[in-house]
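Chemist: Sharing a model that was predicted from the sequence below.
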Amino acid sequence: MMHPNFPLRRRNVLRLGAVGLSSLGVLPRAVAVPRQARAKQVLVIFEQGGVSQMDTFDPKPEMPEEHASPFPQIDTNVPGVHVTELLARTSRHLDKLTLVRCMTQPTPGISNSHPKGTQHVLSGEAPGGPDEMPDIGSVVSYRLGTSARHLPSYIMVPGTGEQHDNTRLGFLPPAHLVFKTGGQPHKPDWKVPNLGLLGIDERRFRDRTDLLSTLDVGVPASRAARDANALASLREQAVDMLTNPATRQAFDLQAEPLALREKYGLGHRGQCYLLGRKLIEAGVRFVTVECREPPAPEFPGGSNMNWDHHDFIYSTGSTAIANGGAGAGRWGIGTWPMMGSTDQAFAALIEDMHDRGLLAETLVVFATEFGRTPRINDRKGRDHWTHAFTMAFAGAGVPGGQIVGSTDREGGFITSSNAYTIEDYAATIYEKLGINRHDPLYTPTNRPIYLARKGEAIPELM
């Protein structure tokens, strides 16, 4: 009998039939063979707030004039594939990207909640279930470990945004909690806190850790012993992080050539994207970049510059509203602190990772929790929209120059036969990494938890 946590999709029916045959000796019993890993690492660019699809990756030149984007579509380096002029730099790298224009988020109660939408993207599971699901990055850390012991296996850059507290460890051990760099990496004096020895020289530090290790002697061979061993392993990794010079090098943006830093953009977003690349190159298993330009004198009125453009989305400056409003605190979508810096940083990231050979085994995702309404509201903005939006994918065997799915002439509803959810996005990540989703995790009460149980890997990306 199929586990109740798996939906009865067509592919699952085929699996069920195979299991039935195996019981007769026709097929081996182990039919849930995981895919061969194409990715060793994952870099998620999470642009939180709901990026407008018709203003970026899914242009709609036939849209009614009163609701149309003012940004015309442009050619890319792939014949027949278009984006808007806000992605002029990224357009030169569409041969490395697949645009999935048929993303949808059908779970009730999330469309009007950025915190829930953020948690949904980070965990790949709609929040509100009987068990709090850990972030995808924490699951990957738990299942695959790390190839760089001097660095955490799951890092968020910088992890200080409006929704920063929506990361989740769930029921996993503390060792797999996300590590947030904090701060503003674009500032010359930025450093990751707690990477130094706080005034203690390395010899004294190691003496203290040696003394601590003697406390483990004589612990009986039991679950307590296993916990002690896990703690010892975690302590050893912490020591490596604190004493290994490669740790600081991984976070040292000032060591990068100035010309390269300028290519990403010297602002906050550009340097966060560059730090994401550095951490992948240093061997971090899972990196999430979630950033926005911070308040600054050059951006008056910019107090919270995410993508939640409920008001004056096409403002050429601040969307500040005299009496407040849901979209106050950000600049218009076409300005530099919004799509200007995003286009520059994302194009530089894809080019840089390609040139360094990092795309071969790194899955890169440009994600957002939902899109924006196809109709302009009475505040000259666009509201939340879950029926259709776009995510972009690159690397780890993802075909380049590909468009997956389609939407109507206003970009509001999916018109193609394929439509994919956040759960499908999560399943794609797990299967790209070769993680067997049919091998469950277990809660402390021994409850089996299947990964992306309502999703299937997006076949066009596999």
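Modeler: Okay, I see it. Numbering: from 1, shown residues only.
Chemist: in the stretch 101-250 of the chain, which spans are helices?
Modeler: Counting by DSSP state H, counting those that start in this stretch, the stretch 101-250 of the chain has helices at residues 114-123, 136-144, 202-213, 223-243, 245-251.
Chemist: Residues contacting the first one, please?
Modeler: Going back to what we said before, that points to helix 114-123. The set of residues that contact helix 114-123 without belonging to it, under CB atoms under 8 Å, 6 or more residues apart in numbering, is 46, 48-50, 105, 107, 109-111, 126-128, 133-137, 162-163, 166-168, 170, 288, 306, 308, 367-370, 422, 425-426. Glycine gets a C-beta too; all of them are placed from N, C-alpha and C.
Chemist: Filter those residues down to the buried ones, ChimeraX style.
Modeler: In ChimeraX, a selection of the buried entries from these looks like this (16 or more other CB atoms under 10 Å):
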select :46,48,49,50,105,107,110,111,126,127,133,134,135,136,137,162,163,166,167,168,170,288,306,308,367,368,369,370,422,425,426
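Chemist: Just the ones of the contacts of helix 114-123 in strands?
Modeler: 46, 288, 367 (DSSP state E).
Chemist: now those in TSV, with pLDDT and distance to residue 393?
Modeler: Output for the ones in strands among the contacts of helix 114-123, formatted as TSV (pLDDT from 0 to 100; distance: CB to CB, whole Å):
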residue	pLDDT	distance to residue 393
46	98	13
288	98	15
367	98	9
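Chemist: Which single one of those is nearest to residue 435?
Modeler: The nearest member of the ones in strands among the contacts of helix 114-123 to residue 435, counting by CB to CB, is residue 288 at 17.1 Å.
Chemist: can you tell me how far that closest one sits from residue 375?
Modeler: Using CB to CB, to the nearest Å, one gets 32 Å for the distance from residue 288 to residue 375.
Chemist: Repeat that for residue 169.
Modeler: Residue 169 sits 40 Å away from residue 375 when distances are taken as CB to CB.
Chemist: Also residue 101?
Modeler: On the measure of CB to CB, residue 101 and residue 375 end up 18 Å apart.
Chemist: quick one: which of these two has more around it?
Modeler: residue 101 (24 against 14; other CB atoms under 10 Å).
Chemist: Pull the contacting residues for that one.
Modeler: For residue 101, the contacting residues are 53, 57, 58, 388, 390, 403, 404, 405, 406, 407, taking CB under 8 Å, 6+ apart as the criterion.
Chemist: Next: residue 400.
Modeler: Shown in contact with residue 400 (CB under 8 Å, 6+ apart): 78, 94, 95, 96, 97, 98, 394.
Chemist: same check, this time on residue 430
Modeler: 136, 139, 140, 437, 451, 452, 457.
Chemist: Once you drop chain neighbours, what's closest to residue 458?
Modeler: Sequence neighbours aside, residue 428 is the residue nearest to residue 458 in space, at 4.9 Å (criterion: CB to CB, 6 or more residues apart in numbering).
Chemist: my hunch is that the one you found is in a helix, does that hold up?
Modeler: Yes - the secondary structure assignment for residue 428 places it in a helix, going by DSSP: H, G, I helix; E, B strand; the rest coil.
Chemist: That one and residue 459, how far apart?
Modeler: In this structure, residue 428 and residue 459 are separated by 9 Å, where distance is defined by CB to CB.
Chemist: neighbour count winner among the two?
Modeler: More neighbours surround residue 428 than the other of residue 428 and residue 459, with 29 against 12 (other CB under 10 Å).
Chemist: Enumerate every residue touching that one.
Modeler: Counting by CB under 8 Å, 6+ apart, residue 428 touches 393, 457, 458, 461, 462.
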